[in-house]
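>>> Pasted the sequence and its predicted model underneath.
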Amino acid sequence: MSGRFAAFVAIDWSGAKGRRHKGIAIAEARGDAAPRLIRPAHLWSREEALAWLLERAASEPTLFGFDFSFAPPLIERGEYLPGEIGVPATAREFWAYVEKRCDDEDLGAASFLEHAHRKHFYFGIADGVKAPFMRFRQCDQALNAQGGRKTASAYDAIGAAQVAKASFSGMRLLHRLDGKVAIWPMDPLPERGSAVVEIYTRIYLRRAGLSGRKLRSRTELNQALVGLGSRPTRLRFEPNDHQTDALVTAAGMRALAADPRAFAPAGLTRHITRTEGWTFGVF
């Protein structure tokens, strides 16, 4: 399967407010070369990253990975936003629902979390006990069962490790991509052309024999890359953690794509495919 794609691109996403984002980093792994950063000194906007992806997807078969949840949990409670009227029950329809209820610039989703559906998200101690907010998708539960630090919940909107803001912003991105590029597993993997998957850097750090810690130096980065069977980089600067996440994940996607389980994980059902999606590399 690794020969199916000409390149593997990992995009470290950001849900921050504003138009330009320090948290977005894009890396590419091609052939057997060391992964490289795409425009490393550039401050990307989300819409700019979307336009770049569409152009690349049309030019050659590429597997793109984004580090946000492609949908909130549904199966655990039967609804994405329990008690709300008119909320759809499939991921693709939910992307459109998020899009219609956001008026933020550059595909932001703060208005969805902070106003439209505020009661479902944990922003701090004023919201009471945190545990009732922490719901997880089936793929999150499968990954958490493997041990180590637990994944974050899509309803957790506080702290550096939260994924809510990036995920709901990302759902707006997926709505724009829908019908233009295959989004796995909501769409089956096409026989040819590009596809988009959900990624999680911790999976590749563990495969490299490292813990889930952030990598903030060339030495740590290259240790992870070598552990994934990749050539080390020759960066002339010390990368930030967004850049190391993207570089490691691009190399990890390239290595993982050769595993027949990558696109056929044992726990993935049709219902999960339609409602919650799955993280590439969880099997």
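Perfect, I can see it now.
>>> On the pLDDT front, check Gly209 for me.
We have a pLDDT of 89 for Gly209.
>>> chain center to the helix or strand of the chain with the lowest mean pLDDT: distance?
In the chain, no helix or strand scores lower on mean pLDDT, DSSP states H and E than helix 201-207, which sits at a mean of 91. Using CA atoms, centre = their mean, to the nearest Å, the distance from the centre of helix 201-207 to the centre of the chain it belongs to is 13 Å.
>>> Repeat that for stretch 179-190.
On CA atoms, centre = their mean, the centre of stretch 179-190 falls 15 Å from that of its chain.
>>> One more: stretch 238-252?
13 Å.
>>> What residues sit buried inside it?
239-252 (16 or more other CB atoms under 10 Å). For the C-beta atoms, the positions are set from N, CA and C on the backbone; glycine is no exception.
>>> In CSV, list the C-alpha atoms belonging to it.
C-alpha atoms of stretch 238-252 as CSV (Å, rounded to 0.1, in the frame of the first residue of the first chain):
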residue,chain,number,x,y,z
GLU,A,238,16.0,23.9,16.1
PRO,A,239,12.4,23.0,15.2
ASN,A,240,9.4,23.8,17.4
ASP,A,241,7.1,21.0,18.7
HIS,A,242,4.5,21.7,15.9
GLN,A,243,7.2,21.1,13.3
THR,A,244,8.6,18.0,15.0
ASP,A,245,5.1,16.5,15.3
ALA,A,246,4.5,17.1,11.5
LEU,A,247,7.9,15.6,10.5
VAL,A,248,7.6,12.5,12.7
THR,A,249,4.0,11.9,11.7
ALA,A,250,4.8,12.2,8.0
ALA,A,251,7.5,9.6,8.4
GLY,A,252,5.2,7.4,10.5
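>>> Tell me which stretches of this protein form strands.
7-12, 25-30, 36-37, 62-66, 182-183, 195-198 (DSSP state E).
>>> quick one: contacts of the first one?
Right, strand 7-12. Outside of strand 7-12, the residues within contact range by CB atoms under 8 Å, 6 or more residues apart in numbering are 23-30, 38, 49, 53, 56, 60, 62-67, 199, 242-243, 245-254, 257.
>>> Could you do the fifth one as well?
Contacts to strand 182-183, defined as CB under 8 Å, 6+ apart, come from residues Phe70, Leu174, Leu177, Pro188, Leu189, Pro190, Gly193, Ser194, Ala195, Val196.
>>> Stretch 243-253 now?
Contacts for stretch 243-253 (CB under 8 Å, 6+ apart): 8-12, 25-29, 34-37, 40, 63, 65, 67, 197, 199, 201, 203-205, 207-208, 214-216, 220-221, 224-225, 228, 230, 233, 239, 280-281.
>>> Pipe the strands of the chain into TSV and attach mean pLDDT, distance to Thr269 and mean neighbour count per row.
Converted to TSV, the strands of the chain look like this (pLDDT from 0 to 100; distance: least, CB to CB, whole Å; neighbours: other CB atoms under 10 Å):
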stretch	mean pLDDT	distance to Thr269	mean neighbour count
strand 7-12	98	26	26
strand 25-30	98	30	25
strand 36-37	98	37	18
strand 62-66	98	22	26
strand 182-183	98	17	21
strand 195-198	98	16	25
